[in-house]
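*Asks:* The following comprises the amino acid sequence and a computationally predicted model.
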Amino acid sequence: MSFLLETKNLTKYYGKRLAIDKVSITVSPGEIVGFVGPNGSGKTTTMRTVMGFLKPDSGKVFLFGEEVNRRNVHRLLRYVGYVPGEVNYYADVTVRRILEFYTSFYEDFDAEYCEYLCKMFDVQLDKKFEELSLGNKKKVSIIQALAHKPRLLILDEPTNSLDPVIQKKLYNILRELRASGVGVLLSSHVLGEVEKLCDRVVFIKDGRIVTPPTFDKSMKKIVVDLSTEQVEQLSRVKADFPEVVELILENSTVVIYFKGSQKRLVHLLNSIDFQDISVTDLSLEDVFENLYRAN
């Protein structure tokens, strides 16, 4: 199977500081991949390297099965739509002129689709870019990325500054594009939406791709309040229940990550003499907080 995007061991230094270290990511046709990590973890550096704005110190980028080099980069990027984290265009140019300018870059730029997107996102075409709010500037960037109907989208925090109604419209468009075979690499801090929208999630921490031990949607998160005397029960819980993936103690509150059958879960709950307890499905936010707790 040919990937729309594949990075192999991408490494980039800023001076002596290691920004990303052997980052390997794939995006397949018809797949939305979430790219999650705290600020400064390497998400934007990875995306800018994929787009050719930064040259990696080592590693390779493949687009549509071809290794990217100086000879083919401009041809391959015609089929990629990119929304940067920070949007900057010429300040005194109107939105209409900005979008017209991009028609010269993309042979497949669809003027009718661009007009449709402008109406959907309620963009004021005759306003100068400097007159726009942050949210409206982001809309222009999104329209520019979508209007040539790319095969791959690289989206760096695309919903920043967008109101909830516009966010929902964007998510619906991304679902439609996924159904048509478009691939998406999406970074976002809106973890609830990432969980709903993305087919899978890639985590990055300190410039490295990491696999959280608790990232399994079938797992349960159990939060238990115990008295000081009851805390000593915890060693017995770990010994008696191998289904306990992780157990975290914070003062008198215990968080248990459990992967097992409903029957074994009931046995576990019955074995604990608790003051208060809650059992929920594991969320992406839980995984994120646990993975980056050390930071």
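*Replies:* Here it is on my side, so go on.
*Asks:* just the helices in the chain please.
*Replies:* Taking DSSP state H to define them, one finds helices in the chain at 43-50, 73-77, 95-102, 111-120, 134-146, 164-179, 191-197, 234-240, 262-271, 284-291.
*Asks:* Give me the buried stretch members for stretch 270-290, please.
*Replies:* Along stretch 270-290, the positions that meet the burial threshold by neighbour count (16 or more other Cβ atoms under 10 Å) are 272, 274, 282, 284, 286-288, 290. C-betas here are computed from N, CA, C, even on glycine.
*Asks:* whoops, stretch 163-172 was the one
*Replies:* For stretch 163-172, the neighbour count (16+ other Cβ under 10 Å) marks 166-167, 169-171 as buried.
*Asks:* out of these, who's nearest residue 76?
*Replies:* Nearest to residue 76 among those: residue 170, at 24.6 Å, using Cβ to Cβ.
*Asks:* related to what we said a few turns ago, and the least confident of the buried residues of stretch 270-290?
*Replies:* On pLDDT alone, residue 274 ranks lowest of those, at 68.
*Asks:* count of residues packed around residue 37?
*Replies:* Under the neighbour criterion other Cβ atoms under 10 Å, residue 37 is assigned a count of 24.
*Asks:* And for the one 3 residues further on?
*Replies:* A total of 12 residues lie near residue 40 under the criterion other Cβ under 10 Å.
*Asks:* Report the residue spans of the stretch 151-295 of the chain with pLDDT below the cut-off.
*Replies:* Low-confidence segments of the stretch 151-295 of the chain, defined by pLDDT under 70: 213-218, 227-233, 235, 274-275, 292-295.
*Asks:* Residue 210 touches residue 204, doesn't it?
*Replies:* Yes - with contacts counted by Cβ atoms under 8 Å, residue 210 reaches residue 204, the gap being 7.0 Å.
*Asks:* Compare those two (neighbour count), which wins?
*Replies:* Neighbours per residue, other Cβ under 10 Å: of residue 210 and residue 204, the larger number sits with residue 204, 22 against 15.
*Asks:* Contacts only, for that one.
*Replies:* Applying Cβ atoms under 8 Å, 6 or more residues apart in numbering, one finds that residue 204 lies in contact with 20, 23, 35-37, 41-43, 46, 210.
*Asks:* and these as CSV, adding distance to residue 96?
*Replies:* Shown next, in CSV, are those (distance: Cβ to Cβ, whole Å):
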residue, distance to residue 96
20, 37
23, 38
35, 32
36, 36
37, 36
41, 37
42, 36
43, 32
46, 33
210, 44
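*Asks:* biggest separation within the residues you listed, which pair?
*Replies:* When the contacts of residue 204 are compared pair by pair using Cβ to Cβ, the farthest-apart members prove to be 20 and 36, with a separation of 14.7 Å.
*Asks:* wait, which of the helices of the chain is closest to residue 29?
*Replies:* helix 164-179 (9.1 Å).
*Asks:* which residues touch the closest one?
*Replies:* With contact meaning Cβ under 8 Å, 6+ apart, helix 164-179 is reached by 30-32, 120-122, 135, 139, 142, 146, 153, 158-159, 162, 184, 186, 190, 193, 196-197, 199.
*Asks:* quick one, that helix and helix 111-120 angle?
*Replies:* Between the axes of helix 164-179 and helix 111-120, defined by axes from the mean of the first three to the mean of the last three Cα atoms, to 10 degrees, the angle is 150 degrees.
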